[in-house]
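In: this one's structure only:
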């Protein structure tokens, strides 16, 4: 679930964002402590190796490698690369969020367009709403791992009552290459047509409005699947990851304090490489932003929402 | 309330923006003087510590730390990071502003679509308008702290006359997980349907237009809530804040003028670190831009607007 | 008025943009010569002060300040800041331009939807058109200083015949906090309704089309007012201006050629600081781009357009 | 005409873009060889001047100027400036491309909405289509120099049969400040109204659809004219051009290999300044991208398209 | 076919993106191993040349060239250029993806608007769907090399049954400059009109809805062709490619470890130029991202999709 913090920042003026720094949930600390721990372990391992285990001439080689790495770290324009990449990911993430379909609007239209207060009319209205939810559910199932966990198969969907036994049979009989998420939309259109013929939808205008609403809902589902299907090119992600990881691998070496290093800035760096750790925090944190957002339907989001939609629907 | 200054910049040619520099309200000075004061206090505290309290060998350590920090400040690409982050925040801020719903348009449609000059027709028109305002008010209440202050509970809303006692009961009876802001939209649709049946809305076209307008209004409210609900990932904000704060923490040390510093550029820096303060102004100012905009519904905006809408509605 | 130059660049291949460099109107030279003059005066004043007035030990202090400033100018990432800021301003400027409403489209719809060739029908059509123009005029008046100059009060609007005496009274009677620009839209809707009842608008479809067109026109007016009302946060503009101005203030000192400067690149810089002037040209020019665009409805634009609309309307 | 190369890049994997490097048409070589030639001529002229003509003490001055320039070239952040500017131009160029109106869609609607197979109906349909083309033609004439060449006056348009003699008279009689491109749209609306009255357009729905399609077409024409009318602020273009040209002017001096230059990297640069030429190629090429795109309706594009539309219309 | 990897990144927290680094398909390794191999071969060829073949004074020249190159590589702002270029390409690539037309929506509308259960009605419905597919197929054929391979001529299309023999004749009889992909849209409109006259489409509303849907579908096809027709200006692509290739050509020289190089960082670089290879990986990888995306309809995508559409259509 998304962490909302905007209300907290609305009032403070002096500390401002500093209050946000002490949060744990979804924070940079929680996300990065493992990486930092690993980095520290390797850093001290190398340090111990250099100081107590290596021979004198091996030390010289070690120092050469270290200096070589330190030249290299200046060359990588990590900030520019991460800047462009994260900007891309964030704009994509927001588009993904806004493409989540909400059945409310279409539900309102169903209630307004399908008239009649007899049992049959009410069943039609409920079935149309059910089709929307079914389409939504199949889409979420394909896209989100947490929804997939909750509804691993059609059996589970049938249990909730969103799909009847006959519908399931019909659904399974259709044999297609590719996904079948759009089938409830077809059913929806068929049922609408039948309702029109029975006079429960009074004129073409209302039927058209209803069908267009449904098509809009449907294309939102399609967008969600498209975002899931076509990722940011793997190549780009690999390039950025590789650069960031290499940056810190070379830092492991280049930030070692060397014995023969006369022009070193001081012995402060000796025991704990504060600023290197800080850089790790910062650059890795930036990369993690991308990592967190590249699949927004993962473990954190959307499950809640679906529950809410389900519950609401039963009440309506 | 937003500070408007565009008219002031439309005429001057020579001084241009320089006139803006002397404004106080919503200015950089008003926003940042506390941070600057804190920085100065710490800076001189460290300076006094170094000069009068520390032993000679402790001074050497102090100098090493200072030099170490000064190497580090060159490494942080603060401008690139803030550039990308602030651009993101500003585009989001503008989208948030444009997603504020205005009931005028829908109100015009209500007046055009619901015919009849008897009491009942007028009541329907007024009730439809009231539902819009109610939905708006509940949305604002959830999003803005200043509106929340003014209307802390349903009692206060009821007092203004936007919600009747029966409506409140009905509203409270509905028991849902999640927010209930969309309920007035349901009422709106129901009332429209009834008006259609009573012949006050003449044909399906007008009813559809009205319902679509209402749905548009409703989705604007939904957008506002979404912006409030899903913030920029906390991780990103934390990373940027952490970098900026660390930048100035290291500056506290690195800009101290040291005794043993032979290659120092001069003694000018001795008494007041002018340029460091300027950098503080600049970078912190940039960060504050983000801070101010990340929750645009805070203490400054929107309350005014709501008042205006309320007053206008009573007159219409 | 906007300076159009795209036709000039369509043909040349060799010189390309160089032809644009010699234009005066709206050019960088016209915009910046005052700033450059001021800079030069101060530069030489400081130079004279240093060379002929200061004592020897005062000269040393002067040199220290100069060197201190010269270290600082390397630190400011002016290009990145201006790049992000100007990009923001330009995209905003273009949105503002595209949000200027054009009454033509709605006028076409009025002609198509309101039938009848008798005097009454023609009056209705003309009045509807007049309302649009009135709304446009009030909007322009609020937004643009040059239109404000031409029509400082309602009297002037009434004189043009766009507002009748009764309408003015009705307009003034309405007492609202906030702007009243949207009132002609209400009148428009009322008159449309009356025309519908009189049978001059044949069916609901046409009335809806007409009202929707008017609402679109209206929301364009609202957009214009919004852009005027909510400026780019003052803080951001102040930060950018402050950085640019400080950059050149420090340059005043740092680019002085000092006597004791052994590692100076040469005496070329002695008499005229060519490249500093060029930097002034460039960075100030960039900032001026922003300055020019931040209020596009200022002295240069839009007045023309309004005249054109007025003239055309009378003919139609 | 635009150069299409995407099919060529779809297959190769190894060489990839390298195949594109050897193309001549619309290539960097064809565009830049003149600039490069001029640069080389000046470079060697200066070189000869320095080596064989100048006195010894003049040489010293020359060297100082050269070193001074070389310090300066490091200061200009040309890549950042060009990056932002070219990005702006390209996004504008693509918007311009997508705002080119295509009459097909509206033509389809004409065919579907205006019924009847008698001569009169067919004439109406053809006239409506002709009005669209006329509006398109007048727009293109105003915007594109190549279309202007082909149709310099109304006479030429009349010859093609797109405008009849009476229409021309009517067109010329209307006396307006500003452009008259929108007049065919008025005629279109009038003729549609007449067709409606004659019963050739059956109901209001079809007439509205037709008029809305025409309005969309019309606003595309308006967009094209707006893009032509309001260019990127001249100031911005001048700033960028000035920076780029100054960059290479200083390079002319700073890249001269000097006799007294002890810390020079080698004599390789002596005869041909390879890398400076390469930088010229690169930065000028980037600027040329902007130059080419700032007026996309120039000599290269759109003429073709218009012919195609004309030809097709005659057949339809 | 696109490589989907988002599900993989949804769960892991520690390793995060590192899992992606070991994938082969569509990976950076698969894409770049040839370039890397070529680079290594040339690198060692030069190395052998320098060490064992060249005379002593030739070695000096070699060293000078190497040092000269090494100065130059610092000057190229490759990261900024690639950042802007790749961002441009990616946003274009995504627009291209979203402009792929899907016939489902229009098919649903056909089913809802064309009534009747006799043979003739069913044929009309099927023919309308067939026209959509035909238009899609001709568009894909023009845009994608892989679809072109599968359907090299009209014969192959006719074989699939999407085009009948008479339609083919009619299609071939039309003689136009320019593409003929829009002809099925004309047929579609004609057939819709006929169906309306025969009463199978009941009213104007439904016909309009159907035609507007078809026009939307059509304009998606047009967008696809536009993206294919108007590429990113060749000049831009050439500039970027040239810069990247030159960057590595100079690296071939500048990263050679020289005998007389006293201030060299160590002998580590001697045998394998690790970090140069890494830079090659990184920058070339970035460029390859652009290369892969500049023609998204190449060998990888869309063929699948078309098959799926074809198969589905037969079943429906």
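Out: Received it, and whenever you're ready, just let me know what you need. Just so we're clear, the structure is a prediction, and the values are computed from it rather than from any experiment.
In: tell me which element residue A:82 falls in.
Out: For residue A:82, the element it lies in under DSSP states H and E is helix A:78-98.
In: please enumerate the helices of chain A.
Out: Shown for chain A, the helices assigned by DSSP state H span residues A:28-48, A:56-73, A:78-98, A:104-113, A:119-143, A:145-150, A:154-160, A:165-173, A:183-197, A:204-229, A:234-254, A:274-279, A:285-294, A:303-315.
In: show me the shaky parts of chain A.
Out: In the predicted model of chain A, residues A:1-27, A:73-75, A:175-178, A:257-275, A:290-316 satisfy pLDDT under 70.
In: closest point of it to chain C, which residue?
Out: Nearest residue of chain A to chain C: residue A:205, at 9.3 Å (CB to the nearest CB). For every residue, glycine as well, the C-beta is placed using N, CA and C.
In: out of everything not next to it in sequence, what's closest to that residue?
Out: Spatial nearest neighbour of residue A:205, excluding adjacent residues (CB to CB, 6 or more residues apart in numbering or on different chains): residue B:204 at 4.5 Å.
In: can you check residue A:287 too?
Out: residue A:244 (5.1 Å).
In: can you get me a residue count around that neighbour?
Out: The tally of other residues near residue A:244 (other CB atoms under 10 Å in any protein chain shown) stands at 22.
In: ok, now residue A:170?
Out: Residues contacting residue A:170 under the criterion other CB under 10 Å number 13.
In: same check on the one 3 residues further on?
Out: For residue A:173, the count of nearby residues is 7 (other CB under 10 Å).
In: of all of the stretch 51-200 of chain A, which residue lies closest to chain D?
Out: Proximity of the stretch 51-200 of chain A to chain D (CB to the nearest CB) peaks at residue A:80, 10.1 Å away.
In: before we move on, back to that, you'd agree the residue of chain A closest to chain C is up against residue B:209?
Out: No - using CB atoms under 8 Å, residue A:205 is not in contact with residue B:209, being 10.1 Å away.
In: of the helices of chain A, which is nearest residue D:98?
Out: Closest approach to residue D:98 among the helices of chain A (CB to CB): helix A:78-98, 19.3 Å.
In: which residues are contacting that closest one?
Out: For helix A:78-98, contacts defined as CB atoms under 8 Å, 6 or more residues apart in numbering or on different chains pick out A:224, A:227, A:232, A:236, A:239-240, A:243-244, A:247, A:283, A:286-287, A:289-290, A:293-294, A:296-297, B:77, B:80-81, B:83-84, B:87-88, B:226, B:230, B:232-233, B:236, E:79-80, E:83, E:86-87, E:90, E:286.
In: list the contacts for the residue of chain A closest to chain C?
Out: B:204-205, B:208, E:205.
In: one more pass at 6 Å, please.
Out: B:204-205, E:205 (CB atoms under 6 Å, 6 or more residues apart in numbering or on different chains).
In: can you give me the buried ones in the helix holding residue A:82?
Out: Neighbour counts using 16 or more other CB atoms under 10 Å in any protein chain shown place A:78-90, A:92-94, A:96-97 of helix A:78-98 among the buried residues.
In: tabulate the contacts of residue A:205 (a markdown table), appending distance to residue C:216.
Out: Below are the contacts of residue A:205 laid out as a markdown table (distance: CB to CB, whole Å):
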| residue | distance to residue C:216 |
| --- | --- |
| B:204 | 22 |
| B:205 | 18 |
| E:205 | 22 |
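In: nearest to residue D:35, out of these: which one, please.
Out: Scanning those for proximity to residue D:35, where the rule is CB to CB, the winner is residue E:205, at 60.7 Å.
In: quick one: that closest one and residue D:65, what's the gap?
Out: Noted for residue E:205: a distance of 78 Å to residue D:65, by CB to CB, to the nearest Å.
In: equivalent analysis for residue A:83, please.
Out: Residue A:83 sits at a distance of 38 Å from residue D:65 (criterion: CB to CB).
In: also residue A:142?
Out: Distance, residue A:142 to residue D:65, by CB to CB: 68 Å.
In: same question, residue A:211
Out: Relative to residue D:65, and taking CB to CB, residue A:211 is found at 76 Å.
In: who has more neighbours out of those two?
Out: residue A:211 (27 against 19).
In: list the contacts for the more buried one?
Out: Residues in contact with residue A:211, defined by CB under 6 Å, 6+ apart, are residue E:112.
In: residue A:199: neighbour count?
Out: Using other CB under 10 Å, residue A:199 is surrounded by 9 other residues.
In: ugh, typo on my part, it should be residue A:45
Out: Using other CB under 10 Å, residue A:45 has 11 neighbouring residues.
In: roughly how far does the closest residue to residue A:214 other than its chain neighbours sit from residue D:52?
Out: Excluding its sequence neighbours, the residue lying closest to residue A:214 (CB to CB, 6+ apart) is residue A:188, at 5.4 Å. Using CB to CB, residue A:188 is found at 88 Å from residue D:52.
In: go on, residue A:132?
Out: 86 Å.
In: and those two? which has more neighbours close in?
Out: Taking neighbours as other CB under 10 Å, residue A:132 and residue D:52 compare with residue A:132 leading, 27 against 7.
In: and the closest residue to the more buried one other than its chain neighbours, how many neighbours?
Out: Distances taken as CB to CB, 6+ apart put residue A:103 closest to residue A:132, at 4.5 Å, once the chain neighbours are dropped. By other CB under 10 Å, 20 other residues sit near residue A:103.
In: tell me the spacing between residue A:103 and residue B:218.
Out: Separation of residue A:103 from residue B:218 (CB to CB) stands at 13 Å.
In: for the stretch 1-150 of chain A, what lies in contact range of chain D?
Out: Proximity of the stretch 1-150 of chain A to chain D, by CB under 6 Å from any CB of the partner chain, involves no residues.
In: and the stretch 1-150 of chain A, which of its residues are near chain E?
Out: Applying CB under 6 Å from any CB, we find that the stretch 1-150 of chain A lies next to chain E at A:34, A:64-65, A:67-68, A:71-72, A:77, A:80, A:84, A:145.
In: of these, grab the buried ones for PyMOL.
Out: Filtering the residues of the stretch 1-150 of chain A next to chain E down to the buried ones (16+ other CB under 10 Å) takes a single PyMOL command:
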select buried, chain A and resi 64+65+67+68+72+77+80+84+145
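In: how about the residues of the stretch 1-150 of chain A next to chain E, which pair is most distant?
Out: Spatial extent of the residues of the stretch 1-150 of chain A next to chain E (CB to CB) is set by the pair A:64 and A:145 at 47.0 Å.
In: number of nearby residues for the residue nearest to residue A:172 when sequence neighbours are not counted?
Out: Once flanking residues are discounted, residue A:172 sits nearest to residue A:154: 7.4 Å by CB to CB, 6+ apart. Other residues near residue A:154 number 15, with proximity taken as other CB under 10 Å.
In: count the neighbours of residue A:248 for me.
Out: By other CB under 10 Å, the residues close to residue A:248 number 21.
In: how near is residue A:126 to residue A:117?
Out: In terms of CB to CB, residue A:126 sits 13 Å off from residue A:117.
In: which one's more surrounded, the two?
Out: residue A:126 (13 against 6).
In: OK, contacts around residue A:106?
Out: Residues in contact with residue A:106 (CB under 6 Å, 6+ apart) are A:132, A:213, A:217.
In: one more time with 10 Å, if that's ok
Out: Residues near residue A:106 by CB atoms under 10 Å, 6 or more residues apart in numbering or on different chains: A:128-129, A:131-132, A:188, A:210, A:212-218, B:215.
In: dump those residues to JSON lines, plus distance to residue C:56.
Out: As requested, those are arranged in JSON lines below (distance: CB to CB, whole Å):
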{"residue": "A:128", "distance to residue C:56": "94"}
{"residue": "A:129", "distance to residue C:56": "91"}
{"residue": "A:131", "distance to residue C:56": "92"}
{"residue": "A:132", "distance to residue C:56": "88"}
{"residue": "A:188", "distance to residue C:56": "92"}
{"residue": "A:210", "distance to residue C:56": "91"}
{"residue": "A:212", "distance to residue C:56": "86"}
{"residue": "A:213", "distance to residue C:56": "86"}
{"residue": "A:214", "distance to residue C:56": "88"}
{"residue": "A:215", "distance to residue C:56": "85"}
{"residue": "A:216", "distance to residue C:56": "81"}
{"residue": "A:217", "distance to residue C:56": "83"}
{"residue": "A:218", "distance to residue C:56": "85"}
{"residue": "B:215", "distance to residue C:56": "81"}
